[in-house]
Structures are given as C-alpha cells and as structure tokens.
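> okay, sequence plus prediction incoming.
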Amino acid sequence: RSGGFGDAGYRHGEVVPIAPDNPSIVHNNQFCRPGNCDECIRVCREVQTVFDYWNPAVAQEIVCVNCGQCALVCPGRHGIPAIRERDETTLVFDALNSPDCHVVVQTAPATRVALGEEFGLPAGAWMAGQQVAALRALGFDSVLDTNFTADLTIMEEATEFLYRVNNTYPGKYPLPMFTSCCPGWVSFVEHFYPELIPNLSSCMSPQQMFGSLSKTYYAEQRGLDPKNIISVSIMPCTAKKYEAQRPEMDAASQYWDDQDVSRDVDVVLTTRELARMIKAKGIDFANLPAENYDSLMGEATGAGIIFGATGGVMEAALRTAYFTLTGDQPTGALLNYTPVRGLDGVKQASVTVTGVDINMVVVHELKNARAVCDRIMAGNPDNWHFIEFMACSGGCVSGGGQPRTAVPPTDAIRQARTDTLYAQDADAPLRSSHENPEILAIYESFLEKPCGDLSHRLLHTDYTNRGPVF
C-alpha cells in the first residue's frame, strides 16, 4: 500500500491504497509484479484523477470511486492480477441452492458484448442469448434485462430534463443536468465537486431501478413475498457493487414499510465473476443455443442497448426528449446521432427542437469529467444544458469488471464492443424507450407517470456530500 501521497510522498513500486472494507475491489500483495510497476497508480492518477487529488489529512476515508480501472491494468503475477473485484459468487451459489429464495437476475448491456471473450470468442461477440441460457442453466428463477430499466431511466430522465429546461420547479433543478447512471462518476462528484450535486439527475441508475421494481412491481405481479426475492445483477462495473450497498438504496423496504425486505439489489456480479460461475458448473457457454429473456421487465429497445457505450445515454435521451417535445417519432439523424458517438474524451453537440436549444456534452474518463466540471464551476460559459458522464474509458464497455482480454485494455477492444451495441440498436424493431410496450404497461398499471409520486419513491434518490471536512 502507498505510504505517501502527492509528488513528495509517492514512492515507485507501490499501489493505490484500497481500504480493507472496500465493497468493490481487493488487493493481494503477493500477486504484485516485482519491480516498479506503478500501473494502478498511473491509471488512478493520470486517467481518473483520484490518487493525489485528495488530502488524507482531512479526508474521512481512503478516497476511491470504485471504478476498478486499476484492476483492468494490473499485470499481476503468473496471470493473476493483484487487484481484482471482490468476489461474491459464493453468495449467489448459496441463494440458488436455497429452496426459500426466488432469485431474479438482470444483465447490463455491456456484459453481453464481452462475456464471450472469457470463452475464447472475439471482442464484441454478441452473446445475449447464450448469456440468458447460461443463467437459466445456473438455476436463476427469472432472467430479465437491465435494458428494460434503461428504457425506464430515459422516461424519467427525459421528463426531469424538460422540467429543468422549462424551470418547472424554480431553484430545484439547475442546469446543466448531469446523468446519474454511472456510480463511479456519482462518487467522483460527491467527493470532489459536492457543489454540483444539485446538477445530478435524481434518477437512480438502471441497476437500482430494476432492484427496486423487482421487490415491488415484479413481486406483486408474480404474487411473491418480496422478503423471499434475491435480486442479482450482472454488471461490467465494479462500482455497481458499491452502489448497491449505499444506505439509500432500499426503496422496496420503504415501499412495504418492512425492514425484513432486503436491499433493492442484493448481489452484484461482474462479467468476470459470471464467467467463473459458468466455468465452475462446466457449462459449454460458446455452444449454448440462444434463449430469450423472460417477460415482465424483460423487454427493451435499441435505446436501452446503447447505454453500454459512451454517448449512448445521451442519444437515447435525445430520442425520447424529441418525441416528448414534438409528438413525432425521431427519424434519420436523430436515430443515428453520430456527434455523440466515438471514443473522443469530450464530445459536444447541439440540436434545436421546437425552438428549444439543447447543448449537449458527452464525457468519459474522470480526468475529462474534472475538466468539464471546472468549466461549470467557472460559470458554464459554454451554456451547456445536458451532460452525460461515464467514469470508464469508452463507457461501460470498458468497466472495471469486464474481461481482461488485453492488459491494459485497448481502444480496438473497446470499439469492437461498442460497434456491436450500435449494430444491435440499428437492427432492433423498437429503437426509442417510449415505444417499449412493457414500459407503457408499467406506467399504466403501476407507476402512473414519469416523475410522479410513486416514481420518485421507487426510482429516484438523493446524494451525499463526501468532500473533506476541515
């Protein structure tokens, strides 16, 4: 562990500090590569701007945004990385083996374009159907899709954005609005830019929306006792482990007014952890026949699929915002909005819809987020309205829990995974979140309307100032 901070205290051959109780990542010193490696410190300091950007004399904890990029670049020894995700596969195997548990699983979009790499398939291989089949073979009671709640996030987020543009609730919703799907980014704001917390969308991430609904809406529709439901998510992201255990992520227990209802998301597994479970059970993943998601929270649109790539959330939101403002379905360039695509660290675009100018920015890697936040702190001279932030390079496709196909990861691998997501979006029969029939059904029968009272209880959250205390 590092014994000093800043240029004066930093010593070569040491690693970024990881707290023993970090919920996302762990460090095992015996697998550190001998010599002056420094890869974890380099990515944490130069790419994510976390290490060396906080003062341990006043911080209340070891500052980590849980992004796991250190785990992706760690060369390790004998093929074993010294930094890796905190393994929770035993918890899931125990739940699957319990006759008292109804185990529901959700899968994030970026996992299905990377999981195949753990089984010798090329980067970007589309393995959604095989992933569903493998999860059923492992014994999950219901296999559902995070893309469903990605679509739901867009409905809530687009509505919230229009509230801000129209100043519907003066003083409550400032511009620019920041996306809140990425927990590494959210933690970064809470630690380094707490003054900008009001700019964060109050929407939970798709993972947490799914967890909340799995123990409320899903439980009611299936006639299940929510206390017996174990909600598992398969994520490309180590920060999702941290997000799931945040104290405020217990909307279902609040809904039922029953503390015996467990957390909205009980266990988060990375893509790598799921691969280990599949291998442990001897499942021939690459040759599995493709299967479909279960119904009820299992249907999604192309807009949900592209959440896994940098720019995808922005593009998905633009499609539904356009429909909300005009009543017309987006077509042409709005369905393939290339200005927000690609691996450039900061991308800017502007559209005018019914006389409303929307100035958008898409950011990935936290060093770029820091630069954009500094511009906003200086008075937002660029008049930005809506900003998508993702902590990891390329977005979720290169999350800290993704396969270590190349160490360090390459843009070629990121691009291959991204290209597949956009190809699947282009081929999807429905490409905008507001077209999803299951989304329309959940509002009609349960939530009533985006940003309504029940939606706020189950799908929205608050944030915490985690800045240093002097």
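Noted; the coordinates are in hand.

> closest to the centroid, which residue in the chain?
residue 182 (4.4 Å; C-alpha atoms, centre = their mean).

> may I have the beta-bridge partners of the closest residue in space to it that isn't next to it in sequence?
Using C-beta to C-beta, 6 or more residues apart in numbering and skipping residues adjacent in sequence, the residue nearest residue 182 is residue 390, 4.9 Å away. For the C-beta atoms, the positions are set from N, CA and C on the backbone; glycine is no exception. Applying DSSP bridges to residue 390 gives these bridge partners: residue 364.

> the residue nearest to the centre of the chain against residue 387, yeah?
No. Using C-beta atoms under 8 Å, residue 182 is not in contact with residue 387, being 11.8 Å away.

> tell me if I'm right that residue 156 and residue 206 touch.
No. Taking contacts as C-beta under 8 Å, residue 156 lies outside contact range of residue 206: 10.4 Å.

> neighbour count: these two, which is higher?
Comparing residue 156 with residue 206 by other C-beta atoms under 10 Å, the one with more neighbours is residue 206, at 27 against 24.

> what helix or strand is residue 361 on?
According to DSSP states H and E, residue 361 maps onto strand 356-364.

> please state the offset of that strand from the chain centre?
Distance of strand 356-364 from its chain centroid, counting by C-alpha atoms, centre = their mean, to the nearest Å, is 20 Å.

> other SSEs contacting that strand?
helix 312-326, strand 346-353, helix 366-377, strand 386-390 (3 or more C-beta pairs under 8 Å, 6 or more residues apart in numbering; DSSP states H and E).

> nearest to residue 417, out of the ones you listed?
helix 312-326 (11.8 Å; C-beta to C-beta).

> buried residues, the closest one. List them.
Within helix 312-326, the residues that count as buried by 16 or more other C-beta atoms under 10 Å are 312-325.

> list the helices and strands that helix packs on?
Packing partners of helix 312-326 (3+ C-beta pairs under 8 Å, 6+ apart): helix 146-165, helix 302-305, strand 346-353, strand 356-364, strand 386-390.

> for that helix, the averaged confidence score.
Here helix 312-326 scores 95 as its mean pLDDT.

> cool, and stretch 229-237?
98.

> what does stretch 441-450 give?
97.

> distance between the ends of it?
End-to-end distance for stretch 441-450, by C-alpha to C-alpha, to the nearest Å: 12 Å.

> element containing residue 42?
helix 39-42.

> could you do residue 439 as well?
Per DSSP H and E: residue 439 is located in helix 437-442.

> and that helix, which residues are buried?
Across helix 437-442, burial judged by 16+ other C-beta under 10 Å covers 438, 439, 442.

> from residue 434, how far off is the last one?
In this view, residue 442 and residue 434 are 13 Å apart by C-beta to C-beta, to the nearest Å.

> hmm, back to that, wait, what's in contact with the residue nearest to the centre of the chain?
Neighbour list for residue 182: 205, 237, 239, 389, 390, 391, 392, 396 [criterion: C-beta atoms under 8 Å, 6 or more residues apart in numbering].

> same check, this time on residue 123
Shown in contact with residue 123 (C-beta under 8 Å, 6+ apart): 114, 117, 405, 412, 413, 416, 417.

> okay, now the first one: neighbour count?
By the other C-beta under 10 Å criterion, the neighbourhood of residue 114 contains 30 residues.

> so who does it touch?
Per C-beta under 8 Å, 6+ apart, neighbours of residue 114: 123, 124, 236, 271, 397, 402, 403, 405, 417.

> ok, it to residue 179 distance?
Residue 114 is 22 Å from residue 179, by C-beta to C-beta.

> one step back: number of nearby residues for the residue nearest to residue 182?
Neighbours of residue 390 using other C-beta under 10 Å come to 32.

> right, and it touches residue 361 too?
No. Residue 390 lies out of contact with residue 361 (C-beta under 8 Å); the separation is 12.0 Å.

> give me the mean pLDDT for stretch 363-379.
98.

> ah, wrong one, I meant stretch 173-181
pLDDT averaged over stretch 173-181 gives 95.

> and if you look at stretch 112-124?
For stretch 112-124, mean pLDDT is 98.

> how far does it stretch from start to finish?
OK, stretch 112-124 end separation, C-alpha to C-alpha: 8 Å.

> for stretch 78-90, same thing?
With C-alpha to C-alpha as the measure, stretch 78-90 spans 24 Å from end to end.

> before we move on, what about stretch 279-293?
Span of stretch 279-293 from end to end, C-alpha to C-alpha: 21 Å.

> mind listing what's buried in it?
For stretch 279-293, the neighbour count (16+ other C-beta under 10 Å) marks 283, 285, 288, 291, 293 as buried.

> just flag the most distant two among the residues you listed.
Distance extremes for those: the farthest pair is 283 and 293 at 18.1 Å, using C-beta to C-beta.

> give me the below-cutoff pLDDT ranges for this structure.
Scanning the chain for pLDDT under 70 picks out the ranges 1-13, 55-60, 468-470.

> wait, what's in contact with the nearest residue to residue 323 once chain neighbours are set aside?
Spatial nearest neighbour of residue 323, chain neighbours left out: residue 434 (5.5 Å); criterion: C-beta to C-beta, 6+ apart. If a contact means C-beta under 8 Å, 6+ apart, then residue 434 has 154, 155, 319, 320, 323, 324, 440 as its contacts.
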